[in-house]
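In: sharing a sequence plus its predicted fold:
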Amino acid sequence: MPQMNMVEAIRDALKLEMLRDERVVLLGQDVGHLGGVFRVTDGLQQFFGPKRVFDTPLAEAVICGSALGLAFSGLVPVAEIQFLGFTHQAFHQICHQIARTRFRSRGSHPAQVTIRAPFGGGVKTPELHSDAIEAQFVQAPGIKIALPSNPYDAKGLLLQAIRDPDPVLFLEPLRGYRLVTGEVPEGDYTIPFGKLRVVREGTDVTLIAWSVAVGLCERAAEKLAEKGISAHVIDLRTIVPLDVEGLVAAVEKTGRAVVVQEAPRSASFGSEVIATIQEECFYSLEAPVKRVSPPDTPYPLHGLEDHYVPTVDMILKVVVESLNA
Amino acid sequence: MPQMNMVEAIRDALKLEMLRDERVVLLGQDVGHLGGVFRVTDGLQQFFGPKRVFDTPLAEAVICGSALGLAFSGLVPVAEIQFLGFTHQAFHQICHQIARTRFRSRGSHPAQVTIRAPFGGGVKTPELHSDAIEAQFVQAPGIKIALPSNPYDAKGLLLQAIRDPDPVLFLEPLRGYRLVTGEVPEGDYTIPFGKLRVVREGTDVTLIAWSVAVGLCERAAEKLAEKGISAHVIDLRTIVPLDVEGLVAAVEKTGRAVVVQEAPRSASFGSEVIATIQEECFYSLEAPVKRVSPPDTPYPLHGLEDHYVPTVDMILKVVVESLNA
Amino acid sequence: MAKHTPQFMPNTKQIEPLRILDENGKLLRGETPPMSDDLAIYAVKTMMMGRGFDEKSFSLQRQGRLGTFAPVIGQEASTLGPALALDPKRDWIAPQYRELPALLHMGLPFESIALYRLGRQAGACIPEGVHVLPHQISLAAQIPHAVGLGWGLKLQGKDGVSMAFFGDGASSEGDFHESCNLAGVMKAPVIFLLQDNGWAISTPRAIQTATTDFAARALGYGFPGFAVDGNDLFALYAATTEAVARARAGEGPTLIESRTFRMWAHTTADDPTRYVDPKVLEQWKKKDPIERVQKYLAAKGKWNDAMTAQFKEEVAAKVEKAYEYGFNYPPSKVEEIFENVFATITPQLERQRARHIALRS
Amino acid sequence: MAKHTPQFMPNTKQIEPLRILDENGKLLRGETPPMSDDLAIYAVKTMMMGRGFDEKSFSLQRQGRLGTFAPVIGQEASTLGPALALDPKRDWIAPQYRELPALLHMGLPFESIALYRLGRQAGACIPEGVHVLPHQISLAAQIPHAVGLGWGLKLQGKDGVSMAFFGDGASSEGDFHESCNLAGVMKAPVIFLLQDNGWAISTPRAIQTATTDFAARALGYGFPGFAVDGNDLFALYAATTEAVARARAGEGPTLIESRTFRMWAHTTADDPTRYVDPKVLEQWKKKDPIERVQKYLAAKGKWNDAMTAQFKEEVAAKVEKAYEYGFNYPPSKVEEIFENVFATITPQLERQRARHIALRS
Ligand SMILES: Cc1ncc(C[n+]2csc(CCOP(=O)(O)OP(=O)(O)O)c2C)c(N)n1
Ligand SMILES: Cc1ncc(C[n+]2csc(CCOP(=O)(O)OP(=O)(O)O)c2C)c(N)n1
Ligand SMILES: [Mg+2]
Ligand SMILES: [Mg+2]
């Protein structure tokens, strides 16, 4: 199987799906001639021509809003927002329009739209490029949210996203873009939404994460293993829909859980994970479920970011707390 | 003491503060000549003149963004967004600009800006007028969020909001606008942020709410009292900052808690309340903390809204579950 | 230092709009009728249907039987004139919320509108084959959709045109600008139909913008801008027909500014006597967009007062029937909340449904 | 049916920009110098400081010692010319991110910029008395702030003017439109300084908009629009000076389109050889905005190559010193994350701080 990094896996999925389904079109800032500021769409405009891949003006709301119109016309758009932070400029189009159009029209005007955006810290980007704001979209029912943590998942989840009859926000971790590589099958495969992945089996404590934090948890689990602590690590893969059953099973297995995320603490998806666990398997809990996350402060300039994002060490400390609780 | 409804109490606060501090200006759609679509600012332009109260073009982003500029110039703006749903059009200005400017400028450019917006269900408004999206702003650190549930709090919290050196989102419950009346002192008083209010003392179960759901909990508590169940009811008043200590004390008092809200379930502020309780007073809990909230579906058209929002009956059922747990 | 003058100076006075029919239904000098008498009769009837429906709805709303809605009264020509230039089979409309005659022309049934105004989820569905985008509440948000739709049709080699309706108020939103600019770049077949009806709720045009002419904004996007008498069905039809022809020919978008007046309240929740000058209202009454065409046809012996009275009754009966249908529609069920959130309900939402229904029963 | 023509038809070709100094530093026929030789010398030096700082920063960034930043090279006149028309004591600038010479003129010290580029929170602080809004990353988001600021000064009876800088790319954002429109309505003393440098990262102007002239957009907001040669310091200064005078006199905003070219990469993360035609780059090299003024002064005996060389060294030394300061700045502390979130830290955040620090130590 070929080795790919995340960028390559995503590009591979886009290319495959564009070959398979000629309704698929790409649009966004710099995605065409340049192939994207991270080269994710490199070569695609050259390969598929300028009627399948579009450079657009610098305007997020109309990138998303016109993607919905493209879908109404019968096409299957995949829009790129250059950095997730800038979805805020299109927030009304994503949350009020794309997410709700099926409901608003009682099914007559669905939105088979995918919006891709990179995000996440650790690569010294300017302000607003790193913010992990996935939870804000969870409060906009109607849009699914996929957050791959590795190249294999990225390809399979993206193929699923584009084909999904519902709109999907597809969030790509900047830190993993080129760093994380893995085996990725050449052909077509999809990964279903709402099914979490058990990254590593364990018995003492359950580590819960999505996107780039999965890698952190894996590293923490290795360190814990050295100390004789067996961590069960799960990757949620999609936060909408959430695999409630899978989550409950994973927590019940150990009775202890720690959620790790890059988003600020309050009203984050980590909060939701804890609330769900608490409601669904309260009696299996041997200790409070804890969050490892940045505090409720803005993502700082890059000179401070190492002080902000979760670390393996923090996870270890919190796991020990949980075990001693 | 005069009796006022919420609209009158808010108007009273605006007028008092504009008299006290001549830097205070109001801006928004229809807030001037008409006095607001709900007459909250009725008479204020006539009283203070057209250089203190401004009708603006229909453009939420620049209403919020220019409010920040007005603050930079030395004024103290209070902007109205006609319905909370339309803050999405200004989401980048609120979350990236207003909320962060103090942090972004390391204190050199703070934002003494208040944004008022009504929201909430039960009054048969068109789409997007009812949506309870308060939690989306909690993921934007730097802005405080006040949600009064009654006229007395509305006045005291608004006076606090306008004077607060930090930006404040002040959310007014549509259903309570004219319906709920109460005694409101005539003069100046403020209610501090981050201090919850004990609405009713009780010993068996703690009901947690903010904004219009507080009234629901009060009615539920009355019904519970008839059945011999003593509910402790708290009104969070502000969700940023959250009164963590007060919350913990209120839950520890009874060992059982139910959160009631109008927002969709997942990654809501209710999730945060549960997560916080779970982390902070896990060992005092006798039963899982439950949510009474709409499901993860969009706010429907008004013909369906009674099926959507929480009811007193739902609260009663969940309390009984909690007591039996 | 020498004085240098900006190359672009704003007009000091509004440009004359295109007019074809005067207030008495007479063709202006040099003009020929842009439509057949049959089409004009169809237009009169469609405008009367819109007005009749809204009159009835208004009284029902005042009785508390309907939700808030925005009546079209006064803007019947402004909405229908442009729509008549479209082909309901291949073209599309993205409405704001005050375009009833246009939607009727596109084939949206009275029953569907009645249901929507009754707050019934079923009324939200746009029937198969009706080329109208979903009901919109968020101002200007439909404009990007219209652009994407037109652009997408063009990409697929279809010759459809899309038309976005929006108000003077909505034109202040960023979505308007981003949409026009993208449509210009993509040469998308889109008509931007800006209805300046003088007001955005209580906000007068003078506070909405300082420009004399909304149509001038088109220059900033590289396509033509057309200012038209918004109570003149013929002028609107003629201007839009030309814009549609350009769009179909691949020449891109047009911005049409329709200058009209909102004769009734903004919505049933509004009290315009607080801000509309009754004298101005009186002046606009004389420019009634329906009467104007009726007079034109009457002069040709193709319309008369008896026909007006008779058709009014027909409309009343149709409206009655539509609301009957609406009132008798099966009651809402809690399950509907969970329908059409996703194509297929997710297991997570299914759990929530079970829980929600259990707590409600 | 008769043919009707839209009243507003787009230009087929770009309008001539205002030019005062030609590429060889000669005054164009009929023009007088808009500034004194002393001011021109100050301008040359300030532009050289901007260029020198960015050249040095670029090489440091390539060594991995700095974060990403956007060099001004090529746009020195485009940024400084307008700023020179401002009074740093009463006027304000809301920058995008590529306006170093303008910020230097307003009094922002090299040290502060060095710290910011090093990613240090302390570099984010705008020193007291420097009339510059905070560093901005979100494109066009600062334009509404500039409008509110100008409007607010006017409300308080002050005669300050605010100037928002933004790019051709940023001008496609809704914030641009909403800001211009509001400023027009409020007659706010604002200069909208649109730098068309040909590119938004890799997106050429032709894909950014179909209009021939950004300046024409002003008509849609009811104020003047001025197209100016963006590499001609004198033209920029002259046009802006007149706009500032109008703004101070209560006559409202002006949109200035500065036509320039981005000579270097978008940022240090960008590779423009993938999309910029080297021939076009070569042509623009001949229009260097600094050399042009140097030649003008040289012809008057007020500048020479030795001065260029000497001042370059001076700048290099200053830049060196600024980065020395930055590199030696005390290391970041975890506590800083919690500073300036609120005026006073909340008890809730204090709990989080204690927890966060405990988990990190
Ligand atoms: C984004 C948004 N902001 C505010 C509102 C509230 N609102 C509803 S209608 C209206 C005025 C609209 O004016 P205009 O666009 O001129 O249309 P008209 O009602 O005159 O037809 C306002 C402010 C809304 N629905 N959407
Ligand atoms: C709202 C927003 N969208 C996207 C970006 C990413 N981005 C940074 S610079 C840039 C291009 C800006 O072009 P322009 O406004 O012409 O300014 P220039 O870089 O040419 O000076 C883009 C797309 C951003 N910073 N903000
Ligand atoms: Mg209007
Ligand atoms: Mg540019």
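Out: All right, it came through fine. Ligands and ions are numbered 1, 2, ... in the order given.
In: helices of the chain, start to end?
Out: You didn't pick a chain, so chain A it is. Applying DSSP state H to chain A gives helices spanning A:6-20, A:44-48, A:60-72, A:91-92, A:101-104, A:134-138, A:151-163, A:176-179, A:213-226, A:244-254, A:269-281, A:305-308, A:312-324.
In: switch to chain C, please.
Out: With DSSP H as the criterion, chain C has helices spanning C:37-62, C:76-84, C:100-106, C:110-117, C:142-155, C:174-186, C:205-208, C:233-248, C:278-285, C:289-299, C:305-327, C:347-360.
In: okay, now the unreliable bits of chain A?
Out: Scanning chain A for pLDDT under 70 picks out nothing.
In: identify the residues contacting A:Val260.
Out: A:Val260 is in contact with A:207-209, A:213, A:216-217, A:220, A:270, A:291-293, A:310, A:315, counting by CB atoms under 8 Å, 6 or more residues apart in numbering or on different chains. Where C-beta positions appear, they are placed from N, C-alpha and C, glycine not excepted.
In: C:His266 too?
Out: C:His266 neighbours (CB under 8 Å, 6+ apart): C:Ala70, C:Trp199, C:Ile201, C:Ser202, C:Pro272.
In: how about A:His307?
Out: Here A:His307 is in contact with A:Pro300, D:Ser332, D:Lys333, D:Val334, D:Glu336, D:Ile337, D:Arg360 (CB under 8 Å, 6+ apart).
In: hmm, back to that, which one of the helices of chain A lies closest to D:Ala322?
Out: When the helices of chain A are compared by CB to CB, helix A:305-308 sits nearest D:Ala322, at 22.8 Å.
In: in that closest one, what's buried?
Out: The neighbour-count check on helix A:305-308 (16 or more other CB atoms under 10 Å in any protein chain shown) flags A:Glu305, A:His307, A:Tyr308 as buried.
In: doesn't A:Tyr299 make contact with the last one?
Out: What it means is A:Tyr308. Yes. Counting by CB atoms under 8 Å, A:Tyr308 does reach A:Tyr299; the two are 6.5 Å apart.
In: give the residues shared as contacts by the two.
Out: A:Gly121.
In: on that earlier part again, now the helices of chain A as a markdown table including distance to ligand 2?
Out: Formatted as a markdown table, the helices of chain A follow (distance: least, CB to the nearest ligand atom, whole Å):
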| stretch | distance to ligand 2 |
| --- | --- |
| helix A:6-20 | 18 |
| helix A:44-48 | 17 |
| helix A:60-72 | 6 |
| helix A:91-92 | 12 |
| helix A:101-104 | 24 |
| helix A:134-138 | 16 |
| helix A:151-163 | 22 |
| helix A:176-179 | 16 |
| helix A:213-226 | 25 |
| helix A:244-254 | 35 |
| helix A:269-281 | 24 |
| helix A:305-308 | 18 |
| helix A:312-324 | 30 |
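In: could you say which one of the ones you listed comes nearest to ligand 3?
Out: The stretch from these with the least distance to ligand 3 (CB to the ion) is helix A:91-92; that distance is 19.7 Å.
In: who touches that closest one?
Out: A:Ala61, A:Gln136, B:Phe86, B:His88, B:Gln89, B:Phe91, B:His92, C:Ser138, C:Ala141, C:Asp175.
In: ok, the third one - contacts?
Out: In this case it means B:Phe86. A:His92, B:Glu60, B:Ala117, B:Leu128, C:Ser138.
In: between those residues, which is nearest chain D?
Out: Using CB to the nearest CB, B:Glu60 is the member of those that lies nearest chain D, at 8.4 Å.
In: surely that closest one is in contact with B:Gly85?
Out: No. B:Glu60 is beyond contact range of B:Gly85, at 10.1 Å (criterion: CB under 8 Å).
In: which among the buried residues of helix A:305-308 gets closest to D:Pro6?
Out: A:Glu305 (52.7 Å).
In: quick one: the nearest residue to that closest one once chain neighbours are set aside from A:Cys217, how far?
Out: Among residues not flanking A:Glu305 along the chain, A:Gly121 sits closest, at 5.3 Å (CB to CB, 6 or more residues apart in numbering or on different chains). Plainly put, A:Gly121 is 16 Å away from A:Cys217 if you go by CB to CB, to the nearest Å.
In: number of residues surrounding the one residue in the stretch 201-350 of chain C that gets nearest to ligand 2?
Out: Proximity of the stretch 201-350 of chain C to ligand 2 (CB to the nearest ligand atom) peaks at C:Gly220, 16.1 Å away. For C:Gly220, the neighbour count with other CB atoms under 10 Å in any protein chain shown is 34.
In: if you skip the residues just before and after it, what's nearest to it?
Out: D:Arg217 (3.4 Å).
In: if we go by neighbour counts, what in stretch C:83-99 is buried?
Out: Of the residues in stretch C:83-99, those buried (16+ other CB under 10 Å) are C:83-86, C:88, C:91-99.
In: looking at these, spot the one nearest B:Ala111.
Out: Among these, C:Gln96 lies closest to B:Ala111 (CB to CB), at 32.8 Å.
In: residues in contact with the closest one?
Out: Applying CB under 8 Å, 6+ apart, the residues near C:Gln96 are C:Gln136, C:Leu139, C:Gln142, C:Phe165, C:Phe166, C:Gly167, C:Ala170, C:Gln195.
In: dump those residues to JSON lines, plus neighbour count and pLDDT.
Out: Putting these into JSON lines (neighbours: other CB atoms under 10 Å in any protein chain shown; pLDDT from 0 to 100) gives the following:
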{"residue": "C:Gln136", "neighbour count": "25", "pLDDT": "96"}
{"residue": "C:Leu139", "neighbour count": "27", "pLDDT": "98"}
{"residue": "C:Gln142", "neighbour count": "30", "pLDDT": "98"}
{"residue": "C:Phe165", "neighbour count": "29", "pLDDT": "98"}
{"residue": "C:Phe166", "neighbour count": "28", "pLDDT": "98"}
{"residue": "C:Gly167", "neighbour count": "24", "pLDDT": "98"}
{"residue": "C:Ala170", "neighbour count": "25", "pLDDT": "98"}
{"residue": "C:Gln195", "neighbour count": "29", "pLDDT": "98"}
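In: show me which of those neighbour chain B.
Out: Among the contacts of C:Gln96, the residues that sit close to chain B (CB under 8 Å from any CB of the partner chain) are C:Leu139, C:Ala170.
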